[in-house]
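# Output the structure for:
(one chain, ligands or ions: 1)
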Amino acid sequence: MVRSQLNGIGDGARAILAPLCGVTTAPFRRICLEHGADMVVTEMISSEAMTRGKEEDCKAIRGLDTDQGPLSIQIFGGDPVRMGETAARLSELQPVYLDMNFGCPVKKIVNGNGGSAVLKDVDLLGRICREVVRRSSVPVSAKIRAGWDKPTGERVREYATVIEDAGVSMLSLHARTRSQGFSGVANWDLIAEAKRAVSIPVIGNGDVRSAADVVRMREHTACDAVMIGRAAIGNPWVFDEVKTRLSGEEYTQPTPRERVRTMLRHVREAVRIDGEPGGVIAMRKVLAAYLKRLPSARSLRGRLMTVKMLAELEDVMSAYLAEIGPLAEVPCGGDVSVEEFASEC
Ligand SMILES: Cc1cc2nc3c(=O)[nH]c(=O)nc-3n(C[C@H](O)[C@H](O)[C@H](O)COP(=O)(O)O)c2cc1C
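This is a model prediction of the structure:
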């Protein structure tokens, strides 16, 4: 593989579904691929759980299908040996990338020295990368934030260089530091810095919500692909929009009926994996995200937050479509706030 190429991803729009714990489950990944995502990334998988005989705690390892389209499997942890061992096992499934999470800011994860905590120790970062590259049978990628506290171009260049020198094949950067959480605006200049520092492909991430943002980020940073997170929650159509607009065509948003059909399919597939009521309850936040783009759906939100069974949800949604009448066939959507999805990771 030529180093600047992306493994398994064509030259088109190059819009990737970001890893989102609690969201990028197998059903959602499949739906996003069908809607034009060029690659999808799993929720992060704990290398501690995988190597301490606690695989059953790792919900994210369910449904790791590599035959639906380009899949990247993400792992996290602060111990090079455990990360290497996990990479060896999961790369046997032949994803297009085995991804390492060096960005998660969540207390529980950083207290265990995983996620963005690794960015505090560049030597450890290099050791984890080298061991994972050594043990993985597929190309390895790394997803980082812009640092632990103060965002500087110098830090980003250092991380990028250490990661490239360790043999990693691709780098994704969420252009905020750990201390910034999800506040303010992602600093895309830092993505441009990373891109200038290394020859491996660099994926830009942070605050992309539309096809126009994809174009802006690519122009601003020269990144090789763009990763979309919060804007895809309850909205796999964002990938259709990117594909269609980047190929110069007019894009039409889906109708409420189409949005509801996809939402119910998503829940049905989740129930097939997780059963009832677990599969429905676990999806409540995601259901709220689907509702955000539907007309006159505010009053539904409260009801969906208590729904437990699929049949109940199907009844509520068909009553809603009947209630809105002809509006059910009128394209709807557009830009909505994604801030509320930022609390978890
Ligand atoms: C609910 C949620 C869960 C997330 N889970 C992960 C994860 O498992 N691994 C990871 O590397 N990043 C995770 N992230 C970070 C996203 O992948 C992404 O970097 C971030 O949301 C910025 O992109 P956006 O502005 O397009 O949302 C998560 C973010 C959110 C909001």
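# Any figure for the gap between G115 and the ligand?
Look at G115 and the ligand: by CB to the nearest ligand atom, to the nearest Å, they are 8 Å apart. Bear in mind the C-beta positions are built from the backbone N, C-alpha and C, glycine included.
# Contacts only, for the nearest residue to that residue once chain neighbours are set aside.
Spatial nearest neighbour of G115, excluding adjacent residues (CB to CB, 6 or more residues apart in numbering): C104 at 3.0 Å. By CB atoms under 8 Å, 6 or more residues apart in numbering, C104 lies in contact with M44, F76, V110, G114, G115, S116, C345.
# how many neighbours does I324 have?
Neighbourhood size, I324 [other CB atoms under 10 Å]: 17.
# typo on my end, it should be G53
Neighbour tally, G53, other CB under 10 Å: 8.
# just G334 next, same as before
8.
# Tell me the one of the contacts of C104 nearest C58?
Nearest to C58 among the contacts of C104, counting by CB to CB, is M44 at 9.6 Å.
# Next up, the contacts around the closest one.
M44 makes contact with P19, C21, A60, Q74, I75, F76, N101, C104, G115, according to CB under 8 Å, 6+ apart.
# so who does the first one touch?
The neighbourhood of P19, defined by CB under 8 Å, 6+ apart, consists of V41, T42, E43, M44, S72, Q74, D99, N101, K143.
# So for the helix or strand that contains the fifth one, could I get the coordinates as PDB, restricted to C-alpha?
Spelled out, that is S72. Taking DSSP states H and E as the criterion, S72 maps to strand 71-76. C-alpha atoms of strand 71-76 as PDB (Å, rounded to 0.1, in the frame of the first residue of the first chain):
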ATOM      1  CA  LEU A  71     -14.900  -1.200   8.900                       C
ATOM      2  CA  SER A  72     -12.400   0.100  11.400                       C
ATOM      3  CA  ILE A  73     -12.300  -1.500  14.800                       C
ATOM      4  CA  GLN A  74     -11.300   0.800  17.700                       C
ATOM      5  CA  ILE A  75      -9.500  -0.200  20.900                       C
ATOM      6  CA  PHE A  76      -8.300   1.700  23.900                       C
END
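# Contacts for it, please.
Under CB under 8 Å, 6+ apart, the answer for strand 71-76 is 19, 29, 39-47, 50, 64-65, 83, 86-87, 90-91, 93, 95-101, 104, 109, 114-115, 132, 141, 143.
# from those, which ones fall inside strands?
M39, V40, V41, I45, S46, Y97, L98, D99, M100, N101, S141, K143 (DSSP state E).
# between these, which is nearest L291?
Closest to L291, out of all of the ones in strands among the contacts of strand 71-76 and judged by CB to CB, is V40, at 22.9 Å.
# do you know how far the closest one is from R209?
18 Å (CB to CB, to the nearest Å).
# Compare those two (neighbour count), which wins?
V40 (26 against 19).
# need the contact list for that one.
Counted by CB under 8 Å, 6+ apart, V40 has contacts I16, L17, T24, R29, C32, L33, G69, P70, L71, S72.
# Before I go, just wanted to say thanks for your time.
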